[in-house]
Structure formats: structure tokens, C-alpha cells
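> Need a 3D model of the sequence below.
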Amino acid sequence: MWAGRLFRATGIPALLTRILSGSRAPSGPRLGVAMLAASAPARGVLTGTRRAAGNDVPAAGTGPTVGVLTGCVQAGLFSRVNDATVRVLEANGYRVVPVPGQGCCGALHAHGGDIEAARAMARRNVTAFEAAGVDYVAMNASGCGAAMSDYGSLLAHDEAAAQRALDIAGRVRDISQLLAARGPVAGADLPLSVTYDAPCHLLHAQGVADPPAVVLNSIPGLEVHPLEGAAECCGGAGIYGLTNPGLGGWIGGDKVASVVETGASVLVTGNPGCMMQIGAGLALAGRKVPVLHLVELVDESYRRGGLYEGRKR
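The predicted model follows:
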């Protein structure tokens, strides 16, 4: 991940993506470069992409205690989303606490068939979030949310961990669910034209359909366009888009066409894999439509509204 961030910072992946854009069939390396470029912050849309310094940090909430799964891909390539998640949760009254000892959720290992490694990671996270004593486990990567929600099944054979895994799985909540449950607090106008794509791991695996719409509708000034086929896969599907770029890219092409048809200037979703898959597809098709995480939009609205000013932890 460190090497990926360094390579991304050079601007070479973005340049190669522009050079390679066109009608050629996607290949694994070509798609991988474009996906890395798509993981970069959306320039010209957000006023800030890193954790705010000084007093530009929300006060700790007094509501339910929440631990955020920092993840591996999310922490490695989308740390800005993790930072925004903490700020937005605390602005909505949640008390976010650190969860030392946590690690990768194991989703990518399970996708790749390494179930024992996924189980080892599940045990580690169960222990870490138990020790933190959180009411909820906040997820900003729906693939991780689906994986952790399934910990009870994954560790069902383990007598020492089965019930504990079920308990932690029952505390898993997507960031959209946590925000919708608290309102959420409204920020400043955000005059953007957006469309929302539902990650399969959120909509189909976890059955979370309404909360993202509630959050989007809470942002003043936002113009939301419906996306045809929003419930259909983008072709990413964990690591599938990279291991099967032909079919994954073909499925992703349908998604890109649907996004372009909306006329929206920004695509919003809630999973890093989807952000990179669709973002890469848009870039390779020569479309300048940035892809943002849902919580990034909320964070930007709060930042513009001054909700973080003068508040300290």
C-alpha cells in the first residue's frame, strides 16, 4: 500500500490512464493502473482531503460508542475516508474510540479462497472490538461490512469464538445506517449534481437500501439523479474485476454507460472496490466524472457549514 500511494502521488497512474483510454478491451495491468489512479482524492470537488488540524476537529460525542474498522485497502489508499468517517460520526453525537489490535477484515482472503487466513483475521477483530467495548462497529467499506456481518457463520465451527463472533457481527453498522439513525445533522449547501450506485455488498449482502438515500437527501443543495441499474454489480466484486478483467470490465462498462447517461457530475458510492472499479471505467472511457464516498460528501457539507470550527476532542 505504501508503494501504491507513492506511485499514485507521482501522477504516473493518472497519466497512463489518460494515454490508455479508448476502446481496447481491458486487461488486468491496464485496469489495475486505472484503479490506482481512481483511488486518488477528487481534485476540484472537495475543499479538504486530509484530517483537519488544530481546532478543525469535532468534539467527541456523548452518544453510543463506536469503533471504526480502519481496514487494509481503506487505510492504505482511502485514509481520507476513514478520517472523514470519524469527523462525521462525532459531529452526529457518536463517541468514537480507538480499537487497537484490529486488522484486515479478511474479505479479500475469503474471496480468494484462503478461508483459514480469513478466520484468523476474524478472530483478531472479534478480540479487538470486544476489548474496546463498543456499541457499534462502524463500516465505511461495504465489502468489509458484509464480511464482518458474516463472522458468526465464518467461525461457527469454533466453539471458543462462535458466540463472540455472532455478538460482534450483530454490532456491525454501515456508516449510512449510523448517520440515518441520528438524523443526520444538516450541513451547508453542496451544489453538486450526483448519482448514487449501491454496492452489492451493502444492498444485497447486508440488505441496506434506504439509509444511503436518507443521508444523500439530508445534504442541502445536492441534486440527486437516479441511476438505472443501480442495484446491479459494477464488475468489481472484491478481486473479481482484477482476476477476470474481461467479464468484470464488460459488466463495468454497463455501469459506466448508466452513470454517463444520468448527466451527473459526480458518482457516489460506499465501497472502495466500487470506487476504484467504476472510477477506472469512467477514466478509461475518457469521462471526467469523479467518484466519491458517501461520507466524503457529508464531510464536505459539514466543513463548508463550519460544523467543525471551534470544536476540540
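> from here on, contacts and neighbour counts on C-alpha atoms
Noted.
> Could you list the low-pLDDT ranges of the stretch 201-313 of the chain?
Along the stretch 201-313 of the chain, the model assigns pLDDT under 70 to residues 310-313.
> residue ranges for the helices of it, please.
All helices of the stretch 201-313 of the chain, identified by DSSP state H, counting those that start in this stretch, fall at 211-217, 240-243, 245-262, 272-284, 294-304.
> and the first one, what other elements does it pack with?
So that's helix 211-217. helix 175-182, helix 294-304 (3 or more C-alpha pairs under 8 Å, 6 or more residues apart in numbering; DSSP states H and E).
> now do 10 Å
In terms of contacts (3 or more C-alpha pairs under 10 Å, 6 or more residues apart in numbering; DSSP states H and E), helix 211-217 is packed against helix 175-182, strand 193-196, strand 223-225, strand 266-269, helix 294-304.
> looking at the helices of the stretch 201-313 of the chain, which is buried most?
Of all the helices of the stretch 201-313 of the chain, helix 272-284 has the most neighbours on average by mean count of other C-alpha atoms under 10 Å, namely a mean of 27.
> which intervals of the stretch 1-150 of the chain have sub-threshold pLDDT?
Within the stretch 1-150 of the chain, the set of residues satisfying pLDDT under 70 comprises 22-28, 48-61.
> now the strands for it?
65-68, 95-96, 136-139 (DSSP state E, counting those that start in this stretch).
> ok now the second one, how far from the chain's centre?
Here the centre of mass of C-alpha atoms in strand 95-96, compared against the chain's by C-alpha atoms, centre = their mean, to the nearest Å, lies 19 Å away.
> Just checking: what are the partner strands of it?
strand 65-68 (parallel) (DSSP bridges).
> Residues touching the partner strand, excluding its own?
Contact with strand 65-68 is made by 82, 85-86, 89-90, 93-100, 102, 128-129, 132-140, 171-173, 175, 178, as judged by C-alpha atoms under 10 Å, 6 or more residues apart in numbering.
> Out of these, which end up buried?
82, 85-86, 89-90, 93-96, 99, 102, 128-129, 132, 134-140, 171-173, 175, 178 (16 or more other C-alpha atoms under 10 Å).
> picking up where we left off before, dump the strands of the stretch 1-150 of the chain to JSON lines, plus distance to Trp250.
Formatted as JSON lines, the strands of the stretch 1-150 of the chain follow (distance: least, C-alpha to C-alpha, whole Å):
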{"stretch": "strand 65-68", "distance to Trp250": "34"}
{"stretch": "strand 95-96", "distance to Trp250": "40"}
{"stretch": "strand 136-139", "distance to Trp250": "29"}
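> Contacts only, for the nearest residue to Ile251 once chain neighbours are set aside.
Spatial nearest neighbour of Ile251, chain neighbours left out: Gly235 (5.0 Å); criterion: C-alpha to C-alpha, 6 or more residues apart in numbering. Residues near Gly235 by C-alpha under 10 Å, 6+ apart: 200, 241-242, 244-255, 273-274, 277-278.
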